[in-house]
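[1] dropping the sequence and predicted coords here.
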Amino acid sequence: MDLTTLPTQLSDYTDPYTETNTAMPASNSNNERQEPAADNSQAVTIGPNTIILAQALTDAAISWRIHNCKISKKTMTQELPMLFLYHYDSLDDAVKQAHPLTPVLLAQFNTPMTADAAANIIGITSDLLASPWHVKIIGSLVVFSEALQLAVRLHWTNTGKSTQQIYTKSAEEAVIAAFKDWQFFGRIDVLYKNDKQALVSIDEDSASNEPLLTIHASTDYQFLPAPHTLGVIAKLEADKSELPWFETAILERLE
């Protein structure tokens with residue numbers, strides 16, 4: 001199995017994470033004693049050697065490797081229907097002038113159809129219409145660190161829509177264009193085998209007093225709950241330009 005090895009060094013996680021919320025006493029009005037506002041939060045403390053999942057995945061100093069990068073679903077076609085307005089908009093200006101919009105054409109604007117059907121309605125030959133490539137590629141990869149005994153399975157795609165419409169001559173050019181803005185999405189699974197060092201995930205948007213999730217050592221992958229998954233993906237997306245090994249592995253798989 002091919003591995004993409006990163007020339008980076010391991011760093012220790014020694015940043016403590018402490019979050020406190022101290023309630024302010026309520027103001028005293030009309031000389032009546034009022035009870036202070038209730039404080040339902042609890043201080044959250046992380047040990048100095050604890051690994052924080054999102055921070056670890058975006059730390060370029062850790063020697064990460066990419067493994068098992070694969071495509072699970074691929075749509076690449078020029079045959080899918082699209083709204084008539086997109087067909088019409090793709091016409092050259094000269095063709096539009098020769099075939100201006102009429103009430104009949106306007107009535108078709110939001111109707112999905114093939115390029116041949118659109119050409120029929122306009123009254124032109126189909127070769128005058130540019131047919132985009134409809135691109136949707138979904139895949140997954142595993143990023144792992146032998147030193148941390150941590151592996152994380154992530155999913156990636158070129159678009160969150162059903163397909164991305166790309167106007168290029170070849171399918172190869174369409175794929176390259178589609179993956180200029182690829183993204184992480186979907187579920188995350190974590191495999192952690194180090195029972196000597198704690199691993200946690202932090203739900204920074206949690207409204208509860210338990211934003212921490214402890215990921216225990218196991219020989220099996222563990223599903224990361226949705227709130228934590230969203231936080232990890234947001235962190236990966238924010239730092240993606242500084243983590244080029246992900247894009248390198250994905251683009252190599254697409255070739």
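    All right, it came through fine.

[2] show me where this structure has its strands.
    The residue ranges that make up the strands of the chain, judged by DSSP state E, are 3-5, 18-19, 44-45, 51-52, 65-77, 82-83, 112-113, 133-145, 150-157, 164-166, 183-192, 199-202, 212-214, 222-223.

[3] given the fourth one, what are its sheet partners and their directions?
    Next to strand 51-52 in the sheet, as set by DSSP bridges, lie strand 199-202 (parallel).

[4] quick one: residues in contact with the strand it pairs with.
    Residues outside strand 199-202 that contact it (C-beta atoms under 8 Å, 6 or more residues apart in numbering): 17, 46, 50-54, 150, 190, 192, 211-215, 217, 224, 228, 231-232. Bear in mind the C-beta positions are built from the backbone N, C-alpha and C, glycine included.

[5] of the residues you listed, buried ones?
    Of the members of these, the ones counted as buried by neighbours, 16 or more other C-beta atoms under 10 Å, are 17, 46, 50-54, 150, 190, 192, 211-213, 215, 217, 224, 228, 231-232.

[6] where in the protein is the helix or strand with the lowest mean pLDDT?
    The helix or strand with the lowest mean pLDDT-type score in the chain, counting by mean pLDDT, DSSP states H and E, is strand 18-19 (a mean of 34).

[7] output the contacting helices and strands for the top helix by length along the chain.
    As far as residue count goes, and with DSSP state H defining each element, the longest helix of the chain is helix 226-239. Using 3 or more C-beta pairs under 8 Å, 6 or more residues apart in numbering; DSSP states H and E as the contact criterion, the secondary-structure elements in contact with helix 226-239 are helix 53-57, strand 183-192, strand 199-202.

[8] lowest-confidence stretch among the strands of the chain?
    Here the strands of the chain differ in mean pLDDT, and the lowest is strand 18-19 at a mean of 34.

[9] residue 215 contacts residue 189, doesn't it?
    No: under the criterion of C-beta atoms under 8 Å, residue 215 lies out of contact with residue 189, with a separation of 10.8 Å.

[10] what do the two both touch?
    With contacts defined as C-beta under 8 Å, 6+ apart, the residues shared by residue 215 and residue 189 are 222, 224.

[11] give me the angle between the longest helix of the chain and strand 150-157.
    80 degrees (axes from the mean of the first three to the mean of the last three C-alpha atoms, to 10 degrees).

[12] now do the contacts for residue 193.
    By C-beta under 8 Å, 6+ apart, the neighbours of residue 193 are 149, 150, 217, 218, 219.

[13] what's the domain layout of the chain?
    Using automatic domain parsing, the domain ranges for the chain come out as 3-77+133-254, 82-128.

[14] weakest of those domains in terms of mean pLDDT?
    The stretch with the lowest mean pLDDT among these is domain 3-77+133-254, at a mean of 83.

[15] chain center to that one: distance?
    The offset between the C-alpha centroid of domain 3-77+133-254 and the centroid of the whole chain comes to 9 Å, using C-alpha atoms, centre = their mean, to the nearest Å.
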